[in-house]
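[1] Next comes the sequence, and after it the predicted model I'd like to discuss.
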Amino acid sequence: MKAATQLRKMSSLRALIKHVKKQGRLSTLRVPEGLGVRLPKRLPKALSLDEMTRLLESPDESTPEGLRDRTLMELIYGAGLRISEAVELRVEELELDQASIRVTGKRGKTRRLPIPRGTMIWLEKWLRDGRSNMVKTPIAQVFCGARGGQMSRGVAYSLLQKHKARAGIEKTVSPHVLRHTYAVHLLRGGADLRALQELLGHESIATTQVYTQLDLDAVAENYRKAHPRG
């Protein structure tokens, strides 16, 4: 079996044993710790600046739906949000006067993120001209679905596929790809790895380093150019 299959089956076995022990049956069963198997690290390909620009410009911004799509993509890319953080973002967590937002990530950890000026323009425009035309009954979230309720992760993924096709992009495009693109573009711009760790909401710097592995060639090239012995 492939590593992913082994790990999935082991996870199911652990869950079953915990459930049985919780019921007071087979209490002597030991929950297996692991298989010594690791999944290979597969990182998405970051979009180029040109591809990212085409993707952002693909929605029809004259419609509320297009304005929503543009703003959602701008925010995921502009702040490096996870898709769950984007669709669950609440209006009360926006700090427009300070060009920042408060995001609650994994394990309930809250972080404050700066919003680029270009992203702020679209966020304000969506709140002013788009959201009020789509939200039918009051909701706390910034983004909504076609019927005016809270947007689901599935809807967010689908709209990305639609705009990927419109933009003529052949690479895989998903919310995680936009988040990865954010990390890579910041790294190329000279962002500090520790600062990037905080922005992405990673507990471990090792996780942030994984995000940036695909950009090591560019880093190595800059290093060779900058080093006196390069």
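    Alright, I've got the coordinates. Numbering: from 1, shown residues only.

[2] Just say helix, strand or coil for R147.
    Three-state assignment for R147 (DSSP: H, G, I helix; E, B strand; the rest coil): coil.

[3] and it, what does it touch?
    Going by CB atoms under 8 Å, 6 or more residues apart in numbering, R147 touches K136. Glycine gets a C-beta too; all of them are placed from N, C-alpha and C.

[4] Pull up the gap between it and E65, please.
    12 Å (CB to CB, to the nearest Å).

[5] what ranges do the helices span in this protein?
    Remark: helices assigned in the chain by DSSP state H are 3-22, 49-56, 64-79, 83-88, 117-125, 131-134, 153-167, 175-188, 193-200, 205-211, 216-226.

[6] among these, which gets the worst mean confidence?
    Among those, helix 216-226 has the lowest mean pLDDT, at a mean of 60.

[7] wait, E95 sits on L89?
    No - applying CB atoms under 8 Å as the test, E95 and L89 come out as separate, 11.8 Å apart.

[8] Which of the two has more residues huddled nearby?
    Shown here are E95 and L89; by other CB atoms under 10 Å, L89 has more neighbours (23 against 14).

[9] Tell me who's in contact with the residue nearest to the more buried one when sequence neighbours are not counted.
    Take L89 and drop its neighbours on the chain: the residue closest to it by CB to CB, 6 or more residues apart in numbering is V142, 4.8 Å away. Applying CB under 8 Å, 6+ apart to V142 gives the contacts 89-91, 94, 123, 126-127, 131.

[10] of all those, which two lie farthest apart?
    Across the contacts of V142, the longest distance by CB to CB is 14.5 Å; it joins R90 and W126.
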